[in-house]
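1. Quick one, structure for this:
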Amino acid sequence: MPKEDCKYWDKCYQRNEAHLEKYNHPSKGTDTPKMAPKRKPTDKEEEAGEIAKTCSSNKTADTMDAEKDLGNYESETAELHKEAMSNIAGKNYMEILEKRIRLSVQQEYDNLCESNEFIRHKFLVEMPPDFYEFWKFIDTLKKDTTKVAALKHIETLFQLQLVGPFEFLAGKFHKAKMGEPGDYLRHWRFYYDPPEFQTIFVRKGSGVHYGYWRDVPQDKERLLLARNDSTQNCEFQFVAGNIFDAFLYYLEHDFHGTPFTASQVAATKKAVKQYISDNSLGLAQLDDLTKERNKRVMAKSFHRAGIVVPYERKTQQGYRPLTVSDAELKKILALFERKDLNDGSDNAKQAVLEKLQPVANAANIAVDECDFGTALELGLDLFSSGHKELHMLISSLLVPAYSLLSRPQFIAIAKAHMEQRSKELNLSMFDVLK
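-> Below you'll find the model as predicted:
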């Protein structure tokens, strides 16, 4: 018996067997035989028809949504094209696109601010457990206050700024004006700070700062804390094996108190010890960590913290001493200060480079023979000398050394720092980006 034509003709998207059995799907405009009178469908056919109707309804809704989305996209494209054509240079078009890209990046930035992953993403390191414990302790010093107010409280009482990752935990990076990646790596990075050092404490208005020391970027357990005064020299001193002891060291040695603050300092010291006891914190100690690390230190270097690289004692592979002593290297660098060479020309720089070239060549040969620590030592020594004229040479030493030591994060930090190395004391990116 002839079947009835489907009202959608050959454009029908139904694949339901009951539907295909019941209807023809000829091309639109094709002559079809006259249909026989409709018969009353059976119960089974009615059920199949209901299923087909339901599927059709769902499919149609999905299709309509897709068409709607397509329409919006085409409409948006047409709008962009129209605006672009209004300016032959396409300036309007680029402005619209750049605005949308900025909005997209801002959304990704805001999402990143919702987790501690922000620290690893922007500062290229992860924080140890004692760091987060100390942040909890700070909250106990001034209860029922905002996180930013907690930072201000410590600054007001002890002239101590908690910076870097502390500012992230306090929410200061949320909705902040975004900078380029290098801005985050330079945030509170003082003039002599090597890539291995990350500032967390700063005595307000001074070059005195404390931070975690990592020989490897991935280190996040049992980290030593070091201290440096950038207004004095490039030398770093290890002062604590955990952040609580570093805080106590600051109160004892770097806080300029008065008779009026003595009671507050005493109460805070007591609170630190009480918090550690109440929470049964097993904190690493300075002596243990330094003793353990000293076994792996291959050379002291100008910053006095020493360098740590893998070293195979049987084959003596991984490090070899520089071809000059520290005293001889300092003598070469002293040429920068000679008055007869320091006449405004490049004479001093050329004299220093001429003397340094054989030392650098020997370090590069050492790298070729798997003694990566040699180039690292020379690069960090030249960095610690503070002479910006040597930045290109420093990069040529540190980049291959860090790369072959699988420490690429330190390459990014070193490059960002040397691009805008500053002796200023306020090194907050929030002020830089104003």
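2. how about stretch 156-168: buried residues?
-> Neighbour-count burial for stretch 156-168, with 16 or more other C-beta atoms under 10 Å as criterion, is recorded at 157-168. Yep, even glycine has a C-beta here, placed from its N, CA and C like the rest.
3. Out of those, which sit inside strands?
-> Members of the buried residues of stretch 156-168 lying in strands (criterion: DSSP state E): 160-162.
4. shaky segments in the stretch 151-300 of the chain?
-> 178 (pLDDT under 70).
5. How about the backbone phi and psi for the nearest residue to Phe190 once chain neighbours are set aside?
-> Ranked by C-beta to C-beta, 6 or more residues apart in numbering and with sequence neighbours excluded, the top spatial neighbour of Phe190 is Ser230, at 4.1 Å. The phi/psi pair for Ser230 (degrees, to the nearest 10) reads phi -70, psi -20.
6. okay, now Ser230: neighbour count?
-> Using other C-beta atoms under 10 Å, Ser230 is surrounded by 20 other residues.
7. swap in the one 10 residues further on?
-> Counted with other C-beta under 10 Å, residues neighbouring Ala240 total 24.
8. who's in contact with it?
-> 224-225, 246, 248-249, 286 (C-beta atoms under 8 Å, 6 or more residues apart in numbering).
9. Out of those residues, the closest to Leu398 would be?
-> Among those, Leu224 lies closest to Leu398 (C-beta to C-beta), at 21.3 Å.
10. any idea where the strands of the stretch 151-300 of the chain begin and end?
-> According to DSSP state E, counting those that start in this stretch, the stretch 151-300 of the chain carries its strands in the segments 160-162, 197-203, 208-213, 224-229, 237-240, 297-299.
11. Need the contact partners of the first one.
-> Meaning strand 160-162. Strand 160-162 has contacts (C-beta under 8 Å, 6+ apart) with 138, 151, 154-155, 170, 200-204, 250, 255.
12. before we move on, which element is the residue most central in space within the chain in?
-> Taking C-alpha atoms, centre = their mean, the centroid of the chain lies closest to Lys122, which sits 1.8 Å from it. Element membership of Lys122, judged by DSSP states H and E, is helix 117-123.
13. How about whatever helix or strand comes next after that helix, which residues are buried there?
-> Per DSSP H and E, helix 117-123 leads on to helix 129-141 as the next helix or strand towards the C-terminus. For helix 129-141, a neighbour-count test (16+ other C-beta under 10 Å) marks 130-131, 133-135, 137-138, 141 as buried.
14. Can I get these in CSV including distance to Ser115 and pLDDT?
-> Listed next are these as CSV, based on distance: C-beta to C-beta, whole Å; pLDDT from 0 to 100:
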residue, distance to Ser115, pLDDT
Asp130, 20, 97
Phe131, 15, 97
Glu133, 18, 97
Phe134, 19, 97
Trp135, 15, 96
Phe137, 22, 95
Ile138, 20, 93
Leu141, 25, 88
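15. need those in TSV with distance to Phe430, can you?
-> Shown next, in TSV, are those (distance: C-beta to C-beta, whole Å):
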residue	distance to Phe430
Asp130	26
Phe131	21
Glu133	26
Phe134	22
Trp135	19
Phe137	25
Ile138	20
Leu141	24
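16. Near the residue nearest to Ser206 when sequence neighbours are not counted, how many other residues are there?
-> Leaving aside its chain neighbours, Ser206 sits nearest to Leu425 (6.5 Å; criterion: C-beta to C-beta, 6+ apart). Residues near Leu425, counting by other C-beta under 10 Å, number 17.
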